[in-house]
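What follows is a protein structure lacking sequence information:
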């Protein structure tokens with residue numbers, strides 16, 4: 001084992017005493033193999049890796065997955081196992097790479113079935129606030145030596161990129177199961193220039209007829225015309241080291257057929273087998289096709305598809321032989337079909353049938369944050385899909401492509417999609433939306449490519465692609481950049497005009513849940529998981545907030561997470577709050593003069609804010625109606641009239657903190673005292689608001705909108721995204737229909753036509769009442785992007801003056817939930833319905 005001085009060159013300043021080395025030495029000398037730290041020094045998390053848990057006989061499985069964490073104290077690196085009782089810290093991104101932790105208790109675990117193998121297990125820890133101080137002192141983390149217990153230096157497991165619990169041979173991606181992860185995934189397959197004997201090959205058309213008879217496996221010569229994403233099928237009790245499967249569609253002169261790559265052949269070949277690759281296959285097997293799987297639509301090839309059987313390539317029994325043919329060795333007389341596409345322009349999209357397949361090329365203008373959704377109907381371990389929303393244009397119309405893109409086992413591309421890039425997506429499916437613009441969603445067979453990955457792809461010669469490239473040459477970057485955005489809350493399509501009672505088998509409908517179930521949903525929500533739910537109740541309070549909650553003041557970046565024990569831990573849930581008498585006291589009702597003065601000040605303040613938002617473009621002032629003497633006098637008369645009427649109606653506008661206005665129902669004071677729980681931890685955050693894209697901030701914006709990285713890199717220490725000026729939002733309190741539980745949610749209206757959320761928004765005119773705004777999702781009319789002014793928008797006071805129509809109104813509220821990490825839970829109102837807008841059928 002190396003001493004501390006061996007790595008002093010990797011640390012800024014003098015050599016330090018190693019906390020990790022000292023801890024391991026103490027664990028080696030203690031009799032109980034468990035250690036409670038007396039003075040825990042901070043260590044930095046530099047890697048967090050996930051794998052399927054081991055099945056424990058006779059014990060209830062605590063979690064589907066286990067985690068290894070790699071730590072450094074600036075002198076050594078050490079890979080440890082995270083105790084299963086701490087997994088919830090990973091689920092909420094509280095324990096994360098790039099942050100410091102303090103180990104409060106740990107143990108050393110020997111493998112009883114293997115000689116010379118053991119590891120440290122972290123049982124209690126504290127998560128530090130902010131970014132890592134340890135990493136700021138380290139020049140090169142990879143240069144630090146790996147700490148291994150004396151006598152275990154020869155263990156290949158401890159020195160390799162494999163799980164410490166040796167029954168598993170590989171890691172999974174941290175946030176989904178579909179992306180290749182680890183060194184075992186080779187990036188390419190060497191092609192062969194050897195002369196092939198094609199005289200004895202068989203055609204695909206003959207495989208169907210010979211499947212049920214005794215047949216000899218003759219070689220196949222085929223071209224890949226479609227590639228699907230990976231499928232991980234690992235589960236407890238499955239004795240397969242690499243449980244992966246990948247489908248390809250292959251073709252020869254006689255037709256097309258599915259090919260399946262199995263198990264350890266996936267890490268070896270999947271990344272190198274691409275559309276257009278020619279394969280010479282030997283020792284394959286055939287099996288009946290799986291009828292329930294999705295398939296790519298290949299009608300445009302106009303050749304026969306053989307769907308009853310599929311070709312299987314196995315690592316053994318028999319061991320398939322896969323030869324990748326060099327492109328220069330492919331001969332025209334082999335008759336292999338050319339790869340074909342079905343590119344659709346945006347002007348043609350509206351005419352396509354629902355679920356029709358199409359290929360898309362466009363210039364990206366908006367990229368949403370990566371979110372996760374739990375896979376339904378999955379019988380094995382818990383599984384999440386990762387996805388993001390993207391807007392793109394192609395010049396054939398003013399309308400955008402609205403794309404819902406799921407991870408396609410191309411993490412290097414999926415994580416780098418950004419505005420101003422040329423995006424190609426194949427085998428997308430059209431989703432027609434009643435009363436709104438259609439969108440396209442990815443399928444299992446979708447592949448995506450961005451600028452930097454187009455070279456050599458078969459589609460580059462497609463006429464539609466060439467036409468698109470010609471159009472992009474007419475564009476000016478500085479003009480397009482003004483229309484770009486990254487991250488923030490985005491959800492499409494909006495809820496329908498009429499809410500229908502969900503049925504048990506309707507997967508597309510929003511589930512209607514009880515208030516108590518909503519509490520459970522919030523408690524079990526994981527990092528960046530998105531859910532859409534409906535609850536019944538009444539809106540009892542509305543507060544206007546000038547700015548969203550600060551990201552820095554919430555969650556693990558703003559406070560320490562206390563000791564979390566292996567014996568017991570508390571789930572992180574939104575705060576429950578029972579208001580005190582002082583908090584229940586209403587502020588004095590403003591006089592009509594105060595209301596009017598407040599309204600004028602706010603209108604001026606909002607106009608000033610609008611000039612700062614969206615990239616700081618200077619506002620072009622124009623003559624306004626209220627700036628003329630006649631207009632100003634007319635407006636003041638109207639405002640005085642409205643103000644007196646509103647005060648007489650008992651509107652309670654509370655100027656509690658100079659930037660907070662509010663309304664409460666007449667019964668809320670008493671109802672609040674009788675609540676069992678008030679879920680008030682959710683709301684709107686800085687992370688909820690999209691940012692203007694700039695090339696200078698590209699890497700920072702990508703890091704912000706992507707999921708937390710499983711491995712720390714020095715780029716993570718870069719400055720995070722600057723706070724954005726918000727036009728304000730409304731905090732809505734919803735009282736459950738049985739008046740036992742209340743929940744706070746944010747209503748964040750669309751106010752500008754250049755916002756990403758305005759794309760596809762049905763903009764029926766409405767009267768800007770509180771109820772009509774909550775129902776439509778926007779303020780009417782949307783502000784023009786050119787003048788960048790809020791002058792035409794209603795002031796918050798005006799909207800709040802209409803809130804009395806919410807009094808005692810039975811509603812159905814559609815909520816968007818998203819866990820932003822730590823204790824930040826975004827709860828946003830998508831739409832509200834009165835009972836007259838609900839269908840019971």
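Sure thing, it's come through. Because the structure is predicted, anything quoted here is derived from the model rather than measured. Numbers count the residues shown, from 1 in each chain.

going forward, measure contacts and count neighbours with C-alpha atoms only.
Noted.

For the residue sitting nearest the centre point of the chain, give the beta-bridge partners.
Geometric centre of the chain, nearest residue: residue 371, 1.7 Å, by C-alpha atoms, centre = their mean. Applying DSSP bridges to residue 371 gives these bridge partners: residue 387.

before we move on, what about residue 71?
Note on residue 71: beta-bridge partners residue 45, residue 78, judged by DSSP bridges.

wait, what's in contact with it?
When contacts are counted by C-alpha atoms under 8 Å, 6 or more residues apart in numbering, residue 71 touches 43-47, 77-80.

got those as a markdown table, with pLDDT columns?
Shown next, in a markdown table, are those (pLDDT from 0 to 100):
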| residue | pLDDT |
| --- | --- |
| 43 | 94 |
| 44 | 95 |
| 45 | 96 |
| 46 | 95 |
| 47 | 95 |
| 77 | 94 |
| 78 | 94 |
| 79 | 94 |
| 80 | 95 |
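
Mind putting the residues you listed into TSV with neighbour count and distance to residue 383?
Compiled in TSV, those are given as follows (neighbours: other C-alpha atoms under 10 Å; distance: C-alpha to C-alpha, whole Å):
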residue	neighbour count	distance to residue 383
43	25	30
44	27	28
45	27	25
46	26	24
47	19	21
77	25	30
78	22	29
79	24	25
80	22	24
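
tell me which of the residues you listed is nearest to residue 387?
residue 47 (22.8 Å; C-alpha to C-alpha).

So residue 276 belongs to a strand, correct?
No: Residue 276: not assigned to a strand; according to DSSP: H, G, I helix; E, B strand; the rest coil it is coil.

Nearest spatial neighbour of it, chain-adjacent residues omitted?
Leaving out its chain neighbours, the residue that sits closest to residue 276 by C-alpha to C-alpha, 6 or more residues apart in numbering is residue 224, at 5.3 Å.

My read is that residue 707 contacts residue 370, right?
Yes: between residue 707 and residue 370 there is a contact at 6.2 Å, judged by C-alpha atoms under 8 Å.

Neighbour count: the two, which is higher?
Taking neighbours as other C-alpha atoms under 10 Å, residue 707 and residue 370 compare with residue 370 leading, 24 against 21.

residues in contact with the nearest residue to the more buried one once chain neighbours are set aside?
Nearest non-adjacent residue to residue 370, counting by C-alpha to C-alpha, 6+ apart: residue 388, 4.8 Å away. Taking C-alpha under 8 Å, 6+ apart, we find residue 388 in contact with 367-371, 404-406.

Over to residue 185?
266-268, 271.

cool, and residue 746?
By C-alpha under 8 Å, 6+ apart, the residues touching residue 746 are 682-684, 729-732, 827-829.

how about a cut-off of 7 Å?
Residue 746 makes contacts with 683-684, 729-732, 827-829, as judged by C-alpha atoms under 7 Å, 6 or more residues apart in numbering.

Distance to residue 757 added to those residues, as TSV?
TSV is the format used below for the contacts of residue 746 (distance: C-alpha to C-alpha, whole Å):
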residue	distance to residue 757
683	18
684	15
729	15
730	17
731	19
732	20
827	16
828	13
829	14
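
neighbour-wise, which of the residues you listed leads?
Within the contacts of residue 746, most neighbours by other C-alpha under 10 Å means residue 730, with 29 neighbours.

Isn't that residue up against residue 545?
Yes: with contact defined as C-alpha atoms under 7 Å, residue 730 counts as touching residue 545 (5.9 Å).

confidence score at the nearest residue to residue 449 once chain neighbours are set aside?
Take residue 449 and drop its neighbours on the chain: the residue closest to it by C-alpha to C-alpha, 6+ apart is residue 424, 5.1 Å away. The confidence metric pLDDT takes the value 98 at residue 424.

Check whether residue 424 really touches residue 360, as I assumed.
Yes: using C-alpha under 7 Å, residue 424 is in contact with residue 360, at 5.6 Å.

of these two, who's got more company?
Shown here are residue 424 and residue 360; by other C-alpha under 10 Å, residue 360 has more neighbours (25 against 20).

For residue 408, see how far away the more buried one is.
Per C-alpha to C-alpha, to the nearest Å, residue 360 is found 15 Å from residue 408.

Could you do residue 769 as well?
Residue 769 is 43 Å from residue 408, by C-alpha to C-alpha.

still on that earlier bit, mind giving me CSV with the contacts of residue 746 and columns for secondary structure?
Converted to CSV, the contacts of residue 746 look like this (three-state DSSP):
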residue, secondary structure
683, strand
684, coil
729, strand
730, strand
731, strand
732, strand
827, strand
828, strand
829, strand
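
Go through these and say which is closest to residue 91.
residue 827 (18.2 Å).

Quickly list what that closest one is bridged to.
Taking DSSP bridges as the rule, residue 827 bridges to residue 817.

Can you show me the strands along the stretch 401-550 of the chain?
401-406, 422-431, 439-441, 448-449, 485-486, 499-500, 530-545 (DSSP state E, counting those that start in this stretch).

Good, wrapping up.
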